[in-house]
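> just coords:
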């Protein structure tokens with residue numbers, strides 16, 4: 001149905017009236033925006049912008065310690081206080097038999113590994129909200145924000161190893177040569193941490209309540225991970241499944257096996273932990289990329 005009327009400048013103007021029932025309930029699927037990405041290109045872009053990760057990490061390190069009276073000493077004080085509490089509470093539990101190794105050394109190896117994860121996961125999960133000003137003004141791979149927190153937490157954990165050195169001197173303990181495998185174990189932990197931090201950072205922007213959940217996960221995870229208890233307490237039939245879903249467990253166990261007891265790494269469980277960590281990284285990266293399109297608008 002159409003009516004003709006005189007328009008601007010004397011030209012005829014046609015008015016069209018449509019039947020409202022002809023308007024579709026949903027837009028044509030071809031009009032919808034599908035956020036697609038190629039993983040190879042995404043990784044290359046992230047690598048080419050790696051200096052941004054270094055810059056963000058340096059900025060956060062300076063901001064964290066510059067305004068504090070004790071400065072970088074807090075990187076040592078926090079795990080040291082945690083160690084004192086754990087030794088005071090759990091040292092006399094007979095089932096936590098650590099052999100000839102002092103419980104303080106045994107526990108601190110777990111505290112270092114768990115401290116890195118908890119710090120990187122917590123700060124990485126909230127990194128997009130903490131940097132929402134930069135998020136909406138500057139264009140670069142958004143993964144730089146959570147990954148910078150992994151680097152910052154790595155610096156803090158490296159400083160915290162000073163306590164481990166002091167403990168070795170105090171107990172006259174000489175680390176075993178098998179400890180040279182430790183960097184390989186830490187790679188597994190970093191892969192796992194990157195995966196969960198990427199997923200959490202994107203999800204929290206869309207569901208703010210998840211920011212409170214991260215604290216619960218860290219609190220419960222401390223006791224669900226062999227930080228204060230030996231990995232051998234876990235039944236053998238469950239160790240493989242546990243290693244897949246919580247790769248930090250075998251990482252801590254193998255740090256102790258090599259550094260404290262001079263044993264060979266448990267390669268089977270480490271392989272399962274690596275497989276689990278890669279799955280977490282794949283899911284985390286996929287989740288981040290799928291939700292990335294709306295991050296700047298929602299944050």
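Arrived safely. As the structure is a prediction and not an experimental result, all values here were calculated from the model.
> what helices and strands are in contact with the one helix or strand residue 168 maps to?
Using DSSP states H and E, residue 168 maps to helix 144-170. Contact here means 3 or more Cβ pairs under 8 Å, 6 or more residues apart in numbering; DSSP states H and E; on that basis helix 144-170 packs against helix 50-66, helix 74-90, helix 103-125, helix 127-130, helix 182-206. Any C-beta I mention is one placed from the backbone N, CA and C, and that applies to glycine too.
> okay, now the closest residue to residue 211 other than its chain neighbours: neighbour count?
Nearest residue to residue 211 in three dimensions, chain neighbours excluded: residue 204, at 5.2 Å (Cβ to Cβ, 6 or more residues apart in numbering). Neighbourhood size, residue 204 [other Cβ atoms under 10 Å]: 21.
> same thing with the one 10 residues further on?
Using other Cβ under 10 Å, residue 214 has 20 other residues around it.
> hmm, it is touching residue 200, no?
Yes - counting by Cβ atoms under 8 Å, residue 214 does reach residue 200; the two are 6.3 Å apart.
> what touches both of these two?
Common contact partners of residue 214 and residue 200 (Cβ atoms under 8 Å, 6 or more residues apart in numbering): 121, 125.
> so where's the stretch 101-250 of the chain shaky on pLDDT?
Along the stretch 101-250 of the chain, segments meeting pLDDT under 70 span 138.
> if we use 90, what do you get?
For the stretch 101-250 of the chain, the stretches with pLDDT under 90 are 101, 126-144, 156, 202, 205-217, 219, 221-223, 228-229, 232.
> give me every residue that touches the residue nearest to residue 211.
Here residue 204 is in contact with 125-126, 128-129, 210-211, 214 (Cβ under 8 Å, 6+ apart).
> quick check, nearest of those to residue 44?
Closest to residue 44 out of those is residue 128 (22.0 Å), distances taken as Cβ to Cβ.
> one step back: mind listing what's buried in the helix holding residue 168?
Buried positions in helix 144-170, judged by neighbour count with 16 or more other Cβ atoms under 10 Å: 144-157, 159-160, 163-164, 167-168.
> try stretch 224-232
225-231.
> export the residues you listed as CSV, with columns for distance to residue 261 and secondary structure.
CSV is the format used below for the buried residues of stretch 224-232 (distance: Cβ to Cβ, whole Å; DSSP: H, G, I helix; E, B strand; the rest coil):
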residue, distance to residue 261, secondary structure
225, 19, coil
226, 14, coil
227, 17, coil
228, 17, coil
229, 16, coil
230, 11, coil
231, 12, helix
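> out of those, who's nearest residue 189?
Proximity of the buried residues of stretch 224-232 to residue 189 (Cβ to Cβ) peaks at residue 225, which lies at 11.0 Å.
> which residues does that closest one contact?
Applying Cβ under 8 Å, 6+ apart, we find residue 225 in contact with 110, 114, 246, 248-249, 252.
> adding neighbour count and distance to residue 266, write the residues you listed out as TSV.
What follows is the contacts of residue 225, written out as TSV (neighbours: other Cβ atoms under 10 Å; distance: Cβ to Cβ, whole Å):
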residue	neighbour count	distance to residue 266
110	26	16
114	23	19
246	18	15
248	26	14
249	23	11
252	25	12
